[in-house]
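1. what follows is a predicted structure for the sequence shown.
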Amino acid sequence: MNKYLRSFFAFLFAFCLFSCNDNEVFEREQYKNVFALISGTDNVSEWIHDLRKTESVGYVSMSLGGTNPSTEDIRITLVEDHSLIDNYNNVAFDVNTFKYIQPLASSKYTIDSYNITIPAGEVKASMPVKIRPSGLSPDSSYFIALRVNSYSAYEVNPEKDYILYRVQIKNWWAVTGGTIYNQRGNIIASESTGNPVQVFGTKRLFPLTPTRVRLLAGTEINDNSNENIYNWYSLVLNIGNDNRITIEPYRNLKVTQIDGDPDYTNRVVLENDGFKTYKTFLLCYSYEASDGKIYIMKEELRLEYKEDPKDPRFLTD
């Protein structure tokens, strides 16, 4: 064998050796076991907690990936880290500090243990988080920020080694951020002798307690340019066990409930039009608007309702 053939086979052997080693590393990287906290965009995991419950439970969950089953338990310890909330707010909202998501007050939640174990051969495990939602604002979301502090085996995904557990609230009529109802009705200035003006549009209802929701009065509009508009022009609907409504000011609004109208009865009912079922508020009240005038407002607010068998029976006429 001449020297050229010897050189060629030597090169071929070296190339094959390098390729085999490279493939081995690639396969080892591709199929290795890696665990991660389960979350959505921006590592946020969103949970909506019901104001009708004094305490409810959400979960922080882990998942393990890899081709081969794990052969030992993975004992993971989490720790709270408020700096993660600061980082999120700075990136998402920059200088718009009024939009910042706040850390959930420690009095509002309990985490009995910050340890999660993914048993050998399993791919998921969860840690319960107990939330007490009473008193939380419907205009805000709240974070519990957690990150992996230590673990006993395998590897953690560095992009999913923390989670922002977002707490939002709901009652039977609305959720955090506002539930949109279709609106129709009429409005007239109290001193007017003309005909009422027809009103069509939408309104957002916000949960406050198990039996109370907030909304803007009349035709007032929130254009997000005035942070205090809800304080000045919002009213509260307090829903009784018989579905009768008591209308109250949220804070500064001057509002008076008007009873006795045959169509706008200050009640909330479930109604069916033969095809769909709706949650329907029938409201009648007077209020002082942003232009300084007193208006009489009669409005119907409707939301399509698909019955959830887990919900308690709702009273109807």
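-> Good, I have the coordinates.

2. please report the distance of residue 217 from residue 195.
-> Using Cβ to Cβ, to the nearest Å, residue 217 is found at 21 Å from residue 195. Any C-beta I mention is one placed from the backbone N, CA and C, and that applies to glycine too.

3. quick one, which of the two is more surrounded?
-> A direct count of neighbours by other Cβ atoms under 10 Å for residue 217 and residue 195 places residue 217 higher, at 26 against 8.

4. could you find the closest non-adjacent residue to that one?
-> residue 287 (4.5 Å; Cβ to Cβ, 6 or more residues apart in numbering).

5. surely that neighbour is in contact with residue 218?
-> Yes - in this structure, residue 287 is within contact of residue 218 by Cβ atoms under 8 Å, at 5.8 Å.

6. so what sits against both of these two?
-> By the contact definition Cβ atoms under 8 Å, 6 or more residues apart in numbering, residue 287 and residue 218 are jointly contacted by 295, 297.

7. where are the low-confidence patches of this structure?
-> 1-31, 223-227, 307-317 (pLDDT under 70).

8. quick one on the thing from earlier: report the strands that pair with the helix or strand hosting the residue nearest to residue 217, each with its relative direction.
-> Assessed by DSSP states H and E, residue 287 sits inside strand 277-288. According to DSSP bridges, strand 277-288 has the following sheet partners: strand 255-257 (antiparallel), strand 267-272 (antiparallel), strand 294-304 (antiparallel).

9. would you list every one of the helices in the protein?
-> Secondary structure of the chain, counting by DSSP state H: helices at 3-31, 83-93, 229-233.

10. got the contact list for the second one?
-> What that stands for is helix 83-93. Applying Cβ under 8 Å, 6+ apart, the contact partners of helix 83-93 are 42, 97, 99-103, 143, 145, 147, 162, 164.

11. recalculate using a threshold of 6 Å.
-> Among residues not part of helix 83-93, those counted as contacts by Cβ atoms under 6 Å, 6 or more residues apart in numbering are 99-100, 103, 143, 145, 162.

12. and the residues you listed, which is closest to residue 112?
-> Within the contacts of helix 83-93, proximity to residue 112 (Cβ to Cβ) peaks at residue 145, which comes in at 18.0 Å.

13. now do stretch 44-57: distance from first to last residue.
-> Counting by Cα to Cα, to the nearest Å, the length from the leading to the trailing residue of stretch 44-57 is 17 Å.

14. in it, what counts as buried?
-> Residues 44-45, 47-52, 56 are the ones in stretch 44-57 that count as buried (16 or more other Cβ atoms under 10 Å).

15. and those, which is closest to residue 190?
-> Distances from those to residue 190 were compared by Cβ to Cβ; the smallest belongs to residue 51, at 34.9 Å.

16. please name the residues that touch that closest one.
-> Applying Cβ under 6 Å, 6+ apart to residue 51 gives the contacts 133, 169, 171, 207, 209-210.

17. who wins for neighbours among the residues you listed?
-> Going through those with other Cβ under 10 Å as the criterion, the one with the most neighbours is residue 207, at 29 neighbours.

18. right, and that residue touches residue 172 too?
-> No - between residue 207 and residue 172 no contact is recorded; they are 8.6 Å apart, counting by Cβ atoms under 6 Å.

19. ok, and the closest non-adjacent residue to residue 125?
-> Excluding the flanking residues, the one nearest residue 125 by Cβ to Cβ, 6+ apart is residue 118, at 4.5 Å.

20. any idea what the one you found is bridged to?
-> With DSSP bridges as the criterion, the beta-bridge partners of residue 118 are residue 74.

21. wait, what's in contact with it?
-> For residue 118, the contacting residues are 62, 64, 74, 125, taking Cβ under 6 Å, 6+ apart as the criterion.

22. one more time with 10 Å, if that's ok
-> Residue 118 makes contacts with 33, 35, 62-64, 70, 72-76, 124-126, 151-154, as judged by Cβ atoms under 10 Å, 6 or more residues apart in numbering.

23. likewise residue 230?
-> With contacts defined as Cβ under 10 Å, 6+ apart, the neighbours of residue 230 are 138-139, 206, 214-216, 220, 222, 250-253.
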